[in-house]
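Undergrad: Provide a 3D model corresponding to the input given below.
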Amino acid sequence: MAPRTSLATALAVAALCARPAPGAGALAQMPIEATEAAFRTLLTQNPSGVRASTICLAVIRFVASGHRRTYFDPPLAVLPRLAATHPGLQPYSKCRLRQTPAIGRLLDSVTGEQAMVLAVEESIRSLGDTLVFSGSYHCGGLCGGGGPLRVWREGGTWHTRFTVEWVS
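TA: Here you go, the predicted model:
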């Protein structure tokens, strides 16, 4: 009987450690500081090398029925906290973007300057004491990347790690 108990215990521990964060609207249920830390990491640790005058922050929601992504604004409290140190930030709904022909740059339609979209997916996983967002950056036809963005709290401070797993 002991092997079954050990297996059951191991499965229960694994399920708790890899449990998903709350369902739909999960990002809105996270501490605002965690969401802010995720976007701050995308601002400072994306390896694009692009200096964009317009930076659009977005939350991505996948619509399974149409196999498409819909972009929304991040929680209202995130933008003012980041705009103090990163001018040019806008919620996605305020961005007017266009891409130059073929594989060109992403531009702000109003200013004609380089633009970039920084996004996190709405659904978040919880692995132990770490929240795992899926983060990405997009700055043109062959300018973008993304991967897991881990956020955890240690000693009262939020820490992050962005691992780029795909690049275009």
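
Undergrad: Quick check: which element contains residue 112?
TA: Residue 112 is part of no helix or strand when elements are defined by DSSP states H and E.

Undergrad: Quick one: neighbours of it, just the number.
TA: Per other CB atoms under 10 Å, the neighbour tally for residue 112 reads 10. C-beta: built from backbone N, CA, C; applies to glycine.

Undergrad: Pick out the residue nearest the middle of this protein.
TA: residue 120 (2.0 Å; CA atoms, centre = their mean).

Undergrad: that's a helix at that one, yeah?
TA: No. Remark: residue 120 does not belong to a helix; assigned using DSSP: H, G, I helix; E, B strand; the rest coil, it is strand.

Undergrad: Could you tell me which residues make contact with it?
TA: Residue 120 is in contact with 27, 35, 38-39, 42, 58-60, 74, 133-136, 149, counting by CB atoms under 8 Å, 6 or more residues apart in numbering.

Undergrad: Kindly recompute the last result at 6 Å.
TA: Residues near residue 120 by CB atoms under 6 Å, 6 or more residues apart in numbering: 38, 133, 135.

Undergrad: what sits opposite it in the beta ladder?
TA: residue 59, residue 135 (DSSP bridges).

Undergrad: Off-centre distance for stretch 136-153?
TA: Relative to its parent chain, stretch 136-153 has a centroid offset of 7 Å by CA atoms, centre = their mean, to the nearest Å.

Undergrad: contact partners of that stretch?
TA: Contacts for stretch 136-153 (CB under 6 Å, 6+ apart): 34, 37-38, 46, 48, 50, 103-106, 116-119, 129-133, 135, 159-168.

Undergrad: Pull out the buried residues from those.
TA: 34, 37-38, 46, 48, 50, 105-106, 116-119, 130-133, 135, 160, 162, 164 (16 or more other CB atoms under 10 Å).

Undergrad: Which ones among those residues lie within helices?
TA: 34, 37, 38 (DSSP state H).

Undergrad: Turn those residues into a markdown table, including pLDDT and distance to residue 95.
TA: Shown next, in a markdown table, are those (pLDDT from 0 to 100; distance: CB to CB, whole Å):
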| residue | pLDDT | distance to residue 95 |
| --- | --- | --- |
| 34 | 92 | 24 |
| 37 | 95 | 22 |
| 38 | 95 | 19 |
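
Undergrad: Alright, that wraps it up for me.
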